[in-house]
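*Asks:* kindly generate the corresponding structure for this input.
(2 chains)
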Amino acid sequence: AQSVTQLDSQVPVFEEAPVELRCNYSSSVSVYLFWYVQYPNQGLQLLLKYLSGSTLVKGINGFEAEFNKSQTSFHLRKPSVHISDTAEYFCAVSDSGAGSYQLTFGKGTKLSVIP
Amino acid sequence: GAGVSQTPSNKVTEKGKYVELRCDPISGHTALYWYRQSLGQGPEFLIYFQGTGAADDSGLPNDRFFAVRPEGSVSTLKIQRTERGDSAVYLCASSLSVGETQYFGPGTRLLVL
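*Replies:* Here you go, the predicted model:
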């Protein structure tokens, strides 16, 4: 079984400032890692995913994340945020084997971009 | 093309009633998933279909919950004898095949009074 911890429930940041949303996971097996974004009244949209290979993963809208196996982390970063980035962000994990279909999500981090 | 659609978008019902929630996956996607998102929580896995069969229903909370996908496309999540604790957003997702990227619908917000 896996678990995901998103330590920050809310993150306020000024427009054009950098942001980091933290995600730590726990698993006894190899994992796949994901970040999803949820805009108000919309479904979850995949930002980026780590399956294998390079530990630095680039996604849509200028976001990137780095897989750190030793620290069991997959933090999301953006060098300069826009108002339109205001949304809730979910980190998720699945095992990399037969159970890869089952995503386990964190509780989410609400990013508020202040003009 | 169209994404995953879910109907209704909102459902209000009374405790003890029966409800059905519908999910239309992306055309051609063979895998379909249901998740439940309670207030302040991330989505939690309920059930997964590969084609017409439920490959894993281990996330269904109890036997009041049941889901079908009779023709391998549209799926219906059925909840009998609803309880106030069933109030949540029910999310559906689909993927081209198992293990591929899951695409989520907008969800059905269920409120049990």
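*Asks:* would you list the phi and psi of A:Asp85?
*Replies:* The phi and psi torsions at A:Asp85 (degrees, to the nearest 10) take the values phi -80, psi -10.
*Asks:* that one contacts A:Ser112, correct?
*Replies:* No - counting by Cβ atoms under 8 Å, A:Ser112 is not a contact partner of A:Asp85; they are 9.4 Å apart. C-betas here are computed from N, CA, C, even on glycine.
*Asks:* of these two, who's got more company?
*Replies:* Neighbour tally, A:Asp85 and A:Ser112, criterion other Cβ atoms under 10 Å in any protein chain shown: the higher count belongs to A:Asp85, 20 against 13.
*Asks:* which helix or strand contains the residue nearest to that one when sequence neighbours are not counted?
*Replies:* When the adjacent residues along the chain are set aside, A:Asp85 lies closest to A:Val113, with 5.4 Å between them (Cβ to Cβ, 6 or more residues apart in numbering or on different chains). Element membership of A:Val113, judged by DSSP states H and E, is strand A:109-114.
*Asks:* in its sheet, which strands sit next to that strand, and in what direction?
*Replies:* Using DSSP bridges, strand A:109-114 pairs in its sheet with strand A:10-14 (parallel), strand A:87-95 (antiparallel).
*Asks:* pick the most buried one from those.
*Replies:* For the strands paired with strand A:109-114, the largest average neighbour count (mean count of other Cβ atoms under 10 Å in any protein chain shown) is found in strand A:87-95, namely a mean of 23.
*Asks:* show me the contact partners of it.
*Replies:* A:2-4, A:6, A:21, A:23, A:25, A:27, A:29-40, A:44, A:47, A:74, A:76, A:100-106, A:108-111, B:42-43 (Cβ atoms under 8 Å, 6 or more residues apart in numbering or on different chains).
*Asks:* are any of these buried, and which?
*Replies:* A:2, A:4, A:6, A:21, A:23, A:25, A:27, A:31-38, A:44, A:47, A:74, A:76, A:101-106, A:108-109, A:111, B:42-43 (16 or more other Cβ atoms under 10 Å in any protein chain shown).
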